[in-house]
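Colleague: structure for the following, please:
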Amino acid sequence: MFSSKKLMFVFGAVIIASMILSACAGQPVVETVVVTEVVEVAGTPEVIEKVITATPAPEVEEPPAAEGEGPIMAEEGLIPCNPIPELAFNADGAQMVALRSSAQVARVPQAQPAKPVLAPVQQASDVYKVGVFEDVTTVNFWAANGPDNTVWNSYMMAPPMFMYELTNKYFTFVPQVAAVATPDPLVEEGEFWVTEIPIRQDITWSDGTPFTAADVAFTANAVLDLGLISGNWQQWYDANFLDRLEAMDEYTVKYYYHTKPGLGRHEYGALQAPILSAAYWAPFVEEALVPLNELGDGASDEDVAAATAAAHDILFAVVPDGEPTAGSYLFEGWEPGAFLENSANPDWFQTGLAVEQWANGAYRDSEGLEVGTPEGDVETAYTRGPNAGAAIYTIYGSQDAAILALKDGEVDFVINPLGLQRGLADQIRTDPNLTVIENSVNGFRYLSFNNRRRPMNDCAFRQAVAVLIDKEFVTQTILQGQAFPFYSFVAEGNTAWYNPDINKLGEGLSREERTNLAVAILEGAGYTWEGDVKPTWDAENRQVTPAGRLIMPDGTPVPPLTMPAPSPGYDPLRSTFAIWIETWLNEFGIPLEAQLAGFNVIVPIIFTDQNFDMYILGWSLDLFPTSLLDFFSEEQAAQDGNNAGGYINPEFEASASALLTCETFEVCREEAFKAQAILSEELPYVVLFDTGIIEAFRSASVEYPFTEGLSGLQYSHQTGAIQDAVVVR
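Modeller: Numbers count the residues shown, from 1 in each chain. Alright, predicted model coming up:
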């Protein structure tokens, strides 16, 4: 998540002025960036300064504009792509653009004190103390992985149970609840594809009741009955394949698929899905199902949709009290804006399990389980805990405050999905009590379009925007190498699935070349400019001459557009990109406002309200690339769905859907490459950048069994596995 660099003579000075961070009053953030460029004009260095101010986001309480009101121009369907203009070659005959291929949610504004207002219950010396700078949005597991699906929820909530899981570091497929190393293959039984899996008989819920096959079947069937698809639920239990689960006896589960699934929906879907307590949740699910059960025969699609939404609202509104869990840590308490605490599970069935792993992914444990063939010496060995009495997540107001707490010994580790800023990392490298580590990542930050509105539904418009965004300039010159430009929808570090031969539209172009190519793309699609004032390159002053308002092919001016994006207090990298994108598009005649706000403010605007024209966020990805479909499928183009931008393309869907049915690595890889090629041409997202993940921990107080791995230690926190193995000194 890497591209080539273009050398520019620039003093990359980024000065953030007038930062008004969100507080209890919900103040917006206003950011001004001053960029000083030193350019060569007629052989003489000349200084150019640009002052750019982003527009703050509106107050959260402001209701979204109704469909069809104001400047919003609703549109049905996508306008297909045209061939890239021949202008892709410059005067010297060199190719200007390389075409390399064929073909998470809060309900309230963030308002967090710099330090917790209440003390956690646990204060023992064996507490694992973690600093974070965003709160969970709910402790309701259904909502936390549905419309409130944020990475912070996965970091901090007590881990659930799974039939199978992926090991730390090497991601080897091993059993957790299942009593067999690998499940029997699916076989035909009448009109279904089925397999039976026995489960362990030594697991208990925290209320002392046994963990049984009924819990496994209940969770899956509840998801199917309620029609849950938002967040992670469809990836886990996909009704397009899974018909039901049945408890054949107390400790045997049978999976019934009406359509034979592939790796993405069986091994990497239902078999790695969470399992919740049937005894606790069944009454709540029964209550949630009432609107659906009350539907009469022949109910309209509209009535079904309304009843489904009502059912989801009922379930997501439940505030769990005394919910039994069975993972390595149990939920202890949450003080919103302050801290969340999980206590060690004294009955965790894997406590004391000795694990050995080899560099080729082979696995062996002290219960005799062996997966793969070990080669060479053991690379990683550790004993599962929990080795700490509790894990406490303290919420700080900013990354700076969390790092200060790390330096002061208040926390052992700081979780940061954005990566530690290099300047902060440099400040603590000399501290003998701290250790800084760097790893490659599996994710990306991106710009998305609302394809339900004009002109975002036009491929030519999206391609022109992609060309105008100079990722190399922002990452290397402005951000001084803290990020790297990104073009792919699969992380380059995920080598098994990354397609290196995709379109990388705009890669390495100068500002002049970008301007000329974007003009040619839009003119080829019928766009014009008000007063025929097209954007042009001013060679003497080394800048773009601002254009008149961009006019769409039907003669309508492009309306004012909005682009929610994270504030500098949450992610200065994305906010910097937002400001530059606003600048480049406005000088091109596209009236765009970058609206910077807190993360927990933006997410519901995008995924629930879907009231935006463009937005900037990021994804942490799974290893198996089903996200290629999950982010852009028609089924997910619904309220609270992952496809908030409403990109719908039957050709793409047919190709990407094969990722759910392919059964071998070779076939799945071919389909993943096809899907990446289509997305890189049609650009429902402009993938912007990512960072290698830089993390810091207090090595004087904690010891990890390993510190190397894709996406770093924070990635392992999402399953709870690294919390089991960490040793508190």
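Colleague: going forward, measure contacts between C-alpha atoms and count neighbours the same way
Modeller: Will do.
Colleague: excluding its backbone neighbours, what's nearest E708?
Modeller: Leaving aside its sequence neighbours, E708 sits nearest to N439 (Cα to Cα, 6 or more residues apart in numbering; 6.4 Å).
Colleague: against I579, how distant is the residue most central in space within the chain?
Modeller: Central residue of the chain (Cα atoms, centre = their mean): W619, 1.9 Å from the mean position. Counting by Cα to Cα, to the nearest Å, the separation of W619 from I579 is 20 Å.
Colleague: how about F588?
Modeller: For F588, the distance to I579 - Cα to Cα - is 14 Å.
Colleague: got it, and V177?
Modeller: Distance from V177 to I579, by Cα to Cα: 48 Å.
Colleague: before we move on, what about G269?
Modeller: Where I579 is concerned, G269 sits at a distance of 38 Å (Cα to Cα).
Colleague: then L406?
Modeller: 31 Å.
Colleague: what's the answer for S680, then?
Modeller: Distance of S680 to I579, computed by Cα to Cα: 24 Å.
Colleague: same check on T351?
Modeller: Taking Cα to Cα as the measure, T351 falls 49 Å from I579.
Colleague: one more: W497?
Modeller: Distance from W497 to I579, by Cα to Cα: 32 Å.
Colleague: where does A310 land in three-state SS?
Modeller: Assigned by DSSP: H, G, I helix; E, B strand; the rest coil, the conformation of A310 is helix.
Colleague: mind pulling up the pLDDT for the residue nearest to it when sequence neighbours are not counted?
Modeller: Once flanking residues are discounted, A310 sits nearest to P291: 6.6 Å by Cα to Cα, 6+ apart. P291 is assigned 97 on the pLDDT scale.
Colleague: wait, P291 touches A311, no?
Modeller: Yes. Between P291 and A311 there is a contact at 6.0 Å, judged by Cα atoms under 8 Å.
Colleague: tell me which of T351 and I579 has more neighbours.
Modeller: Using other Cα atoms under 10 Å as the criterion, T351 and I579 rank with I579 on top: 22 against 17.
Colleague: in a strand, that one, correct?
Modeller: No. Assessed with three-state DSSP, I579 is helix; it does not lie in a strand.
Colleague: for it, give its distance to I478.
Modeller: 12 Å.
Colleague: for R542, same thing?
Modeller: 18 Å.
Colleague: do the same with Y257
Modeller: Applying Cα to Cα to Y257 and I478 gives a distance of 51 Å.
Colleague: more crowded one of these two?
Modeller: Neighbours of Y257 and I478, each counted by other Cα under 10 Å, are more numerous for Y257; the result is 24 against 21.
Colleague: would you confirm that that one contacts Y237?
Modeller: No. Counting by Cα under 8 Å, Y257 sits too far from Y237 to count as a contact (10.6 Å).
Colleague: tell me where the model's unsure across the stretch 501-650 of the chain.
Modeller: Of all residues in the stretch 501-650 of the chain, none has pLDDT under 70.
Colleague: hey, where'd the helices end up in it?
Modeller: Using DSSP state H, counting those that start in this stretch, the helices found in the stretch 501-650 of the chain span residues 511-524, 572-587, 599-604, 627-630, 650-657.
Colleague: before we move on, what about the stretch 51-200 of the chain?
Modeller: Under DSSP H, counting those that start in this stretch, the stretch 51-200 of the chain gives helices at 141-144, 151-156.
Colleague: hey, least reliable of those helices by pLDDT?
Modeller: Here the lowest mean pLDDT among the helices of the stretch 51-200 of the chain goes to helix 151-156, at a mean of 92.
Colleague: starting at the chain centroid, how far to it?
Modeller: Counting by Cα atoms, centre = their mean, to the nearest Å, helix 151-156 is centred 12 Å from the centre of its parent chain.
Colleague: identify all contacting residues around that helix.
Modeller: Outside helix 151-156, the residues that touch it by Cα atoms under 8 Å, 6 or more residues apart in numbering are 104, 134-138, 144, 340, 393, 417, 620, 714, 717-720.
Colleague: again, only using 6 Å
Modeller: By Cα atoms under 6 Å, 6 or more residues apart in numbering, the list of residues contacting helix 151-156 from outside reads 136, 717-718.
Colleague: how about stretch 321-335?
Modeller: Against stretch 321-335 from outside (Cα under 6 Å, 6+ apart): 158-161, 205-207, 340-345, 348.
Colleague: any of those residues buried? List them.
Modeller: 158-161, 205-206, 340-345, 348 (16 or more other Cα atoms under 10 Å).
Colleague: quick check, nearest of those residues to T172?
Modeller: Of all those, T172 sits closest to M161, with 17.0 Å by Cα to Cα.
Colleague: specify the beta-bridge partners of that closest one.
Modeller: For M161, the beta-bridge partners under DSSP bridges are I275.
Colleague: got the contact list for it?
Modeller: Counting by Cα under 6 Å, 6+ apart, M161 makes contact with 274-275, 327.
Colleague: cutoff 8 Å now
Modeller: 176-177, 274-276, 326-327.
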